[in-house]
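Student: Give me the fold of what follows.
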Amino acid sequence: MKHTIRFTQQKIGRYQKIVEALVYRQQVALPPFRYQAMPELDPTLLSLQFDDSDWQVLAPHTYWGGADTHFVLRNYFTVPANFT
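Tutor: Residues are numbered from 1 along each chain as shown. This is a model prediction of the structure:
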């Protein structure tokens, strides 16, 4: 089938320009996540009151963990009021 007959490539290009303007209109950087390996399920690690101050802080764009690693990531953030 020849897509040039239906101008598919041109249509996609026009729609892409419309959609690109709507992607990530508002964004705020998140604080670093805290990481804790979890060899087995420990529900206490999931509690909101759990002290995670000694957990490893993950820098953005870094590798952590490994194959077949169970883990917990924690972070706290507030959605800005002007995002609604």
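Student: So in this protein, where's the weakest helix or strand by average pLDDT?
Tutor: Across the helices and strands of the chain, mean confidence by mean pLDDT, DSSP states H and E is lowest for helix 8-20: a mean of 89.
Student: ok, and the closest non-adjacent residue to the residue most central in space within the chain?
Tutor: By Cα atoms, centre = their mean, the mean C-alpha position of the chain lies nearest to L30, the distance being 9.5 Å. Leaving aside its chain neighbours, L30 sits nearest to F77 (5.5 Å; criterion: Cβ to Cβ, 6 or more residues apart in numbering). Just so you know, the C-beta spots here come from the backbone N, C-alpha and C atoms, and that holds for glycine as well.
Student: Run a quick neighbour tally on that neighbour.
Tutor: 9 (other Cβ atoms under 10 Å).
Student: wait, is it part of a helix?
Tutor: No: assessed with DSSP: H, G, I helix; E, B strand; the rest coil, F77 is coil; it does not lie in a helix.
Student: I'd say it and P31 touch.
Tutor: Yes: using Cβ atoms under 8 Å, F77 is in contact with P31, at 6.4 Å.
Student: in the chain, what spans have low per-residue confidence?
Tutor: 1-5, 84 (pLDDT under 70).
Student: let's see 90
Tutor: Filtered on pLDDT under 90, the chain yields the residue ranges 1-12, 20-29, 38-50, 60-61, 63-71, 76, 79-84.
Student: hang on, the earlier thing: right, and the helix or strand after the least confident helix or strand of the chain?
Tutor: The C-terminal neighbour of helix 8-20 among helices and strands, as given by DSSP states H and E, is strand 33-37.
Student: contacting residues around that next one?
Tutor: Applying Cβ atoms under 8 Å, 6 or more residues apart in numbering, the set of residues contacting strand 33-37 from outside is 45, 52, 55-58, 64-65, 69-75.
Student: let's see 7 Å
Tutor: Residues from elsewhere that reach strand 33-37, judged by Cβ atoms under 7 Å, 6 or more residues apart in numbering: 45, 52, 55-58, 64, 69, 71-75.
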